[in-house]
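Trainee: the sequence and its predicted three-dimensional model are supplied below.
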Number of protein chains: 2
Amino acid sequence: MASSALQYARLHQARFLDELKALLRIPSVSTDPAHRGDVRKAAETLRDDLTRIGMDNARLVETSTATREGHPLVLADWLHAPGKPTVLVYGHYDVQPPDPLDEWISPPFEPTERNGNIYARGAVDDKGQVVAQVKALESMLATGGLPINVRVVLEGEEEVGGEGIAEFVATNPPELKADFALVSDTELFAPGLPTLCVGLRGMIYSELEVRGAKTDLHSGMYGGAAPNPFVALSQIIAGLKDESGKIQIPGFYDKVIPPSADELAAWASLPFDEEHYRQTEVGSPVLVGEAGYSVLERTWARPTLDVHGIIGGFIGAGAKTVIPAKATAKVSMRLVPAMTPTEAFAQYKAFVEQIAPRGVEVEVRLIHSGEACLIPTDNPYIQAATVALHDVWGKETVFIRSGGSIPIVGDFARHMGLPSVMMGFGLPDDNLHAPNEKFHIANFHLGVESIISFLERVAGL
Amino acid sequence: MASSALQYARLHQARFLDELKALLRIPSVSTDPAHRGDVRKAAETLRDDLTRIGMDNARLVETSTATREGHPLVLADWLHAPGKPTVLVYGHYDVQPPDPLDEWISPPFEPTERNGNIYARGAVDDKGQVVAQVKALESMLATGGLPINVRVVLEGEEEVGGEGIAEFVATNPPELKADFALVSDTELFAPGLPTLCVGLRGMIYSELEVRGAKTDLHSGMYGGAAPNPFVALSQIIAGLKDESGKIQIPGFYDKVIPPSADELAAWASLPFDEEHYRQTEVGSPVLVGEAGYSVLERTWARPTLDVHGIIGGFIGAGAKTVIPAKATAKVSMRLVPAMTPTEAFAQYKAFVEQIAPRGVEVEVRLIHSGEACLIPTDNPYIQAATVALHDVWGKETVFIRSGGSIPIVGDFARHMGLPSVMMGFGLPDDNLHAPNEKFHIANFHLGVESIISFLERVAGL
């Protein structure tokens, strides 16, 4: 029989969804200075709701320093379960930019229900999951209190590197002292399949700037004598990765630890069809990447390199015959255990400087980075989560990794000794970081129930 | 002793410059639909001035068709010199876009005098030269009439490919019937050195679109499986040109006719210092381009390939971890005699399709094109211009080529049998198509005098 907290959650589903919609209407795009006020407004909304549901000490903690403008952390706690473990509940309330805007079917900041989903920027990444966490806490607080001690930390810089929370966590602050973390920023492996994520890739995100002439030049007058930064940048990028997808940076793969035979066997038994994935999720003529590895290995356990855009030159309609003075590519690499961002960036920077063609100057800037991590599956919190998810979803829980990066998980482990339980409720086709981001509404509600069941089960450990 | 027309021109220099400034204040950016009205306003301004100075039949001729929105031609004539030759005076009143705006010292459409120059978008390309033509006609009309018959055709699409005038000229229209053309859209080889341009490169301007996934994807989730259009585009661009600057398209150089030994000898005697050119005009660490050719050969007599910008992806501040669905490069090639745009584009397109990496679809679109051309220096109009320029500037006139493209010169020759006299008054450091475009004010006034002297000398042929 369902606990009273679960019954409360089911009774209040409509209101929970309305509250999510209200949060989704706030365009808390952390990378865009124009949305600075909106980011704060999202933080204040969550702080006020945490107070309303009965959490203690709900407050904002500023992360700005003399040299950077940060977005605040939202903190709260409830520590009235003596002798019980303490969970640190983590999520983020900032979102990716919504562009390209013209590809959204409904506006990104007007949450819209279609086909059992709610569409909006941040629906699944990560506001829908944060609200699921808060509403799980509300359901328990409203029906007798929390079964374990809870601390909450929500950040507003996850989409821009999470520097503020990283600095805070690095001090191992008493406000975050806990036994484990609950991170809800991941997805189910397949619809209806309860999933725990136990591995994340790390990353380095960089800008690669190439400068040629001192000013923009006419390509008729100077074509054949002046260096073209776009051509030089293309040559560098083409040199970073061969056509088979293998990164050419010397030493880049030296530290890579391959998955265990057991883990590979478990991945092989997951319900995954490469051709279906290609057709429904990617939609390209063929999939690409390193030869000799499955898609799951390539996206979960191999380092990769992507270019996100190139700034500079003429990108308007029609023709402009200019040799631009400079071009700047946004280049990132995903890292796997046991690569380190520091070493990978140094290898990358040195190689770019080595292969840069004559006639241009290059500058490689690190924008942000995060470490890869792996969670041992034999820890008691992962075991409790495995059983709780089975109870709610009625299926055996699977362990997966994610190709994405949640640097805070590594920070929790490194600085505070906290293992993380990555329990998320997104779906593979939720369009994270893309137009028409969505969250399956049933998963939102089952997410609330999963978190309740999980914390109740931890109380019984 | 100066003719009365020359005396008139000297007397009215201040007003001529004011009239140029008024034209420069009109942002007639032909590639930008938002400036459509401004382009027309510039045409109307010139039409009205041609009427005012005494030309007959000054009028706009529309170039729009059912399938394209064109900008009007400005036509006028004065045919009261029976027995004398007829010149077709050509220039263009449209300008390049002013971006990047933040690199202009004074605003691009607020003409500003500094150091004996006038700074504005279009100052030298080509409004300053068009106004020099019109003011030369005014000076002669105000002092007894023109020495030869004159027709004027000014276009508003030169910076976007000149499709309208090309279609008009292709019909060999009676309104443009003449013995030769005077084209003022070029530059002096060096300050104070009278120069005739007798060769132009042709061009093809294209968009190269690469499509991967059906939608933008998260680079964490899909990096290692989804094709990255920016990486694929970089591989294609890197494949088009090797590091020595040699274009790799099969057959691309087959039709190239090298300059004659005489022409090469004349170029070798021009006052040109590669190191000075590198430092003052280009400013890159070294000059680039095909080995074995001088800078003048590489920019005047060799085909080249440039990339002007790449559309797509994330180019905002900060970080967005997206694998864009597509990327589109603006790619152009300069052509030399006797390459044809049709064949060069076909070779380029076929090669791109051949070298495109797996996982992406490519589409190569031709935006516009123009033929290269060479003018024989033994024609009487070139000879008259040579002497006239010597008279005004007090130095021997030099013959150069330009690396740029003025497709109309080829069209005048091919469709109407007209040789062109390319007499222009820009300077090599005038920042064509770049921020801080300028026109040396002394050259503007000497340009007026040069055109008067030239037409007077043609009258004596």
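Mentor: Yep, that arrived. Every value quoted in this text rests on a predicted model; they were computed, and no experiment measured them.
Trainee: what ranges do the strands span in the stretch 201-350 of chain A?
Mentor: Under the criterion DSSP state E, counting those that start in this stretch, strands of the stretch 201-350 of chain A are mapped to A:202-211, A:217-218, A:304-311, A:322-323, A:326-335.
Trainee: and A:G410, what element?
Mentor: Element membership of A:G410 [criterion: DSSP states H and E] is helix A:407-416.
Trainee: which of the residues in stretch A:91-108 are buried?
Mentor: Within stretch A:91-108, the residues that qualify as buried by neighbour count (16 or more other C-beta atoms under 10 Å in any protein chain shown) are A:G91, A:H92, A:Y93, A:D94, A:V95, A:Q96, A:P97, A:P98, A:D99, A:P100, A:W104, A:P108. For glycine as for every other residue, the C-beta is placed from the backbone atoms N, C-alpha and C.
Trainee: max pairwise distance over the residues you listed: which two?
Mentor: With C-beta to C-beta as the measure, no two of these lie farther apart than A:G91 and A:P100, at 26.3 Å.
Trainee: so for the nearest residue to A:L79 once chain neighbours are set aside, what's the pLDDT?
Mentor: Leaving aside its sequence neighbours, A:L79 sits nearest to A:N149 (C-beta to C-beta, 6 or more residues apart in numbering or on different chains; 4.7 Å). Per-residue pLDDT puts A:N149 at 98.
Trainee: got the contact list for A:N149?
Mentor: Neighbour list for A:N149: A:D77, A:W78, A:L79, A:H80, A:A81, A:K84, A:P85, A:T86, A:V87, A:A178 [criterion: C-beta atoms under 8 Å, 6 or more residues apart in numbering or on different chains].
Trainee: which of those residues are buried, as a PyMOL select command?
Mentor: Only the buried members of these enter the following PyMOL selection, criterion being 16+ other C-beta under 10 Å:
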select buried, chain A and resi 77+78+81+84+85+86+87+178
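Trainee: filter the contacts of A:N149 down to the ones in strands?
Mentor: A:D77, A:W78, A:T86, A:V87 (DSSP state E).
Trainee: still on that earlier bit, next, the buried residues of the helix holding A:G410.
Mentor: A:P407, A:I408, A:V409, A:G410, A:D411, A:F412, A:A413, A:H415, A:M416.
Trainee: is it possible to get TSV of the contacts of A:N149 that adds distance to A:V198 and pLDDT?
Mentor: Below are those laid out as TSV (distance: C-beta to C-beta, whole Å; pLDDT from 0 to 100):
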residue	distance to A:V198	pLDDT
A:D77	27	98
A:W78	27	98
A:L79	28	98
A:H80	31	98
A:A81	27	97
A:K84	24	97
A:P85	19	98
A:T86	21	98
A:V87	17	98
A:A178	19	98
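Trainee: tell me the two of the contacts of A:N149 that are most distant?
Mentor: A:H80 and A:A178 (14.9 Å).
Trainee: let me know the pLDDT of the residue nearest to A:F252 when sequence neighbours are not counted.
Mentor: Spatially, and ignoring its direct neighbours in sequence, A:F252 is nearest to A:Q347 (5.7 Å; C-beta to C-beta, 6+ apart). Among the per-residue scores, A:Q347 shows a pLDDT of 98.
Trainee: my guess is A:Q347 contacts A:Y253, does it?
Mentor: No. The criterion here is C-beta atoms under 8 Å, and A:Q347 misses it with A:Y253 at 10.2 Å.
Trainee: with neighbour numbers in mind, choose between those two.
Mentor: A:Q347 (18 against 14; other C-beta atoms under 10 Å in any protein chain shown).
Trainee: which neighbouring elements make contact with the strand or helix carrying A:V89?
Mentor: Assigned by DSSP H and E, A:V89 belongs to strand A:86-92. Here strand A:86-92 touches helix A:128-141, strand A:149-155, strand A:180-183, helix A:407-416, going by 3 or more C-beta pairs under 8 Å, 6 or more residues apart in numbering or on different chains; DSSP states H and E.
Trainee: and those, which one's lowest on average pLDDT?
Mentor: Sorting the helices and strands packed on strand A:86-92 by mean pLDDT places helix A:407-416 lowest, at a mean of 90.
Trainee: got the angle for that one vs strand A:202-211?
Mentor: 120 degrees (axes from the mean of the first three to the mean of the last three C-alpha atoms, to 10 degrees).
Trainee: can I get the CA coordinates of helix A:407-416 in CSV?
Mentor: The C-alpha trace of helix A:407-416 is given here as CSV (Å, rounded to 0.1, in the frame of the first residue of the first chain):
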residue,chain,number,x,y,z
PRO,A,407,31.1,18.1,-13.0
ILE,A,408,29.5,18.6,-9.5
VAL,A,409,29.2,14.8,-9.1
GLY,A,410,33.0,14.6,-9.3
ASP,A,411,33.3,17.6,-7.0
PHE,A,412,31.0,16.0,-4.4
ALA,A,413,33.2,12.9,-4.4
ARG,A,414,36.6,14.6,-4.4
HIS,A,415,36.0,17.4,-1.9
MET,A,416,33.3,16.0,0.4
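Trainee: say whether chain B is contacted by that helix.
Mentor: No. Applying C-beta under 8 Å from any C-beta of the partner chain, one finds helix A:407-416 separated from chain B by no less than 11.3 Å.
Trainee: what's that helix packed up against?
Mentor: If you count contacts as 3+ C-beta pairs under 8 Å, 6+ apart, helix A:407-416 packs onto strand A:86-92, helix A:163-170, strand A:180-183, strand A:202-211, strand A:361-370, strand A:373-374, strand A:420-422.
Trainee: now it against helix A:163-170, angle please.
Mentor: Using the same axes, to 10 degrees, helix A:407-416 lies at 20 degrees relative to helix A:163-170.
Trainee: what pairs with the strand holding A:V89, and is each one parallel or antiparallel?
Mentor: strand A:149-155 (parallel), strand A:180-183 (parallel) (DSSP bridges).
Trainee: only C-alpha atoms, please: export it in CSV.
Mentor: The C-alpha coordinates for strand A:86-92 follow below in CSV (Å, rounded to 0.1, in the frame of the first residue of the first chain):
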residue,chain,number,x,y,z
THR,A,86,21.5,12.9,5.5
VAL,A,87,20.9,13.4,1.7
LEU,A,88,22.2,16.4,-0.3
VAL,A,89,19.6,17.0,-2.9
TYR,A,90,21.1,18.7,-6.0
GLY,A,91,19.6,20.1,-9.2
HIS,A,92,20.0,23.3,-11.3
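Trainee: please enumerate residues in contact with that strand?
Mentor: By C-beta under 8 Å, 6+ apart, strand A:86-92 touches A:79, A:126, A:129-130, A:133, A:137, A:148-159, A:162, A:176-185, A:408, A:412, A:418, A:420, A:455, A:458.
Trainee: 7 Å instead, please
Mentor: A:126, A:129-130, A:133, A:148-156, A:158, A:176-185, A:408, A:418, A:455, A:458 (C-beta atoms under 7 Å, 6 or more residues apart in numbering or on different chains).
Trainee: what's the domain layout of chain A?
Mentor: As given by automatic domain parsing, the domain ranges for chain A are A:4-200+A:372-459, A:203-268+A:298-368.
Trainee: including distance to A:E275, could these go into TSV?
Mentor: Output for the domains of chain A, formatted as TSV (distance: least, C-beta to C-beta, whole Å):
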stretch	distance to A:E275
domain A:4-200+A:372-459	15
domain A:203-268+A:298-368	15
